[in-house]
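1. pasting the structure only:
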């Protein structure tokens with residue numbers, strides 16, 4: 001079953017934790033902790049069923065808003 005276009009769009013707007021940390025000038029562990037505790041509103045932590053692990057969902061638009069960039073060109 002193919003992914004819906006909305007789901008594909010969500011995937012393309014996600015940012016890896018390492019990239020978010022680099023752009024924010026923070027340590028990866030700090031970004032993870034702040035997301036889990038709600039101190040950094042750029043995404044969410046989703047715990048996997050039956051596992052101790054989870055996934056960090058960081059969204060480009062929320063990261064850009066946190067950085068004060070709205071619609072600006074970013075340098076990666």
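-> Okay, I see it. In this text the structure is predicted, and so the values were computed from the model without any measurement.
2. Could you pull out the buried residues of the lengthiest helix in the chain?
-> Secondary structure assigned by DSSP state H gives helix 28-37 as the longest helix of the chain. Within helix 28-37, the residues scored as buried using 16 or more other Cβ atoms under 10 Å are 31, 32, 35. Backbone N, C-alpha and C define where each C-beta goes, glycine included.
3. Give me the helices and strands touching it, please.
-> If contacts are counted by 3 or more Cβ pairs under 8 Å, 6 or more residues apart in numbering; DSSP states H and E, helix 28-37 sits against helix 17-24, strand 43-47, strand 54-59.
4. Make CSV from those and add mean pLDDT to it.
-> Output for the helices and strands packed on helix 28-37, formatted as CSV (pLDDT from 0 to 100):
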stretch, mean pLDDT
helix 17-24, 97
strand 43-47, 95
strand 54-59, 96
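5. Contacts for the longest helix of the chain, please.
-> 17-18, 20-21, 24, 26, 39-40, 42-45, 56, 58 (Cβ atoms under 8 Å, 6 or more residues apart in numbering).
6. So residue 52 belongs to a strand, correct?
-> No - counting by DSSP: H, G, I helix; E, B strand; the rest coil, residue 52 is located in no strand; its state is coil.
7. and it, how many residues sit next to it?
-> Neighbourhood size, residue 52 [other Cβ atoms under 10 Å]: 6.
8. Distance of it relative to residue 30?
-> Residue 52 is 21 Å from residue 30, where distance means Cβ to Cβ, to the nearest Å.
9. Kindly report the same for residue 61.
-> Using Cβ to Cβ, we find residue 61 at a distance of 21 Å from residue 30.
10. try residue 37
-> On the measure of Cβ to Cβ, residue 37 and residue 30 end up 11 Å apart.
11. And for residue 22?
-> As defined by Cβ to Cβ, residue 22 lies at a distance of 12 Å from residue 30.
12. and what of residue 53?
-> Relative to residue 30, residue 53 is positioned 19 Å away (Cβ to Cβ).
13. Show me the shaky parts of the protein.
-> The model of the chain has pLDDT under 70 over residues 1-12, 70-76.
14. Nearest spatial neighbour of the residue nearest in space to the middle of the chain, chain-adjacent residues omitted?
-> Note on the chain: the residue nearest the mean C-alpha position is residue 58, at 1.0 Å, using Cα atoms, centre = their mean. Nearest residue to residue 58, sequence neighbours excluded (Cβ to Cβ, 6 or more residues apart in numbering): residue 43, at 3.7 Å.
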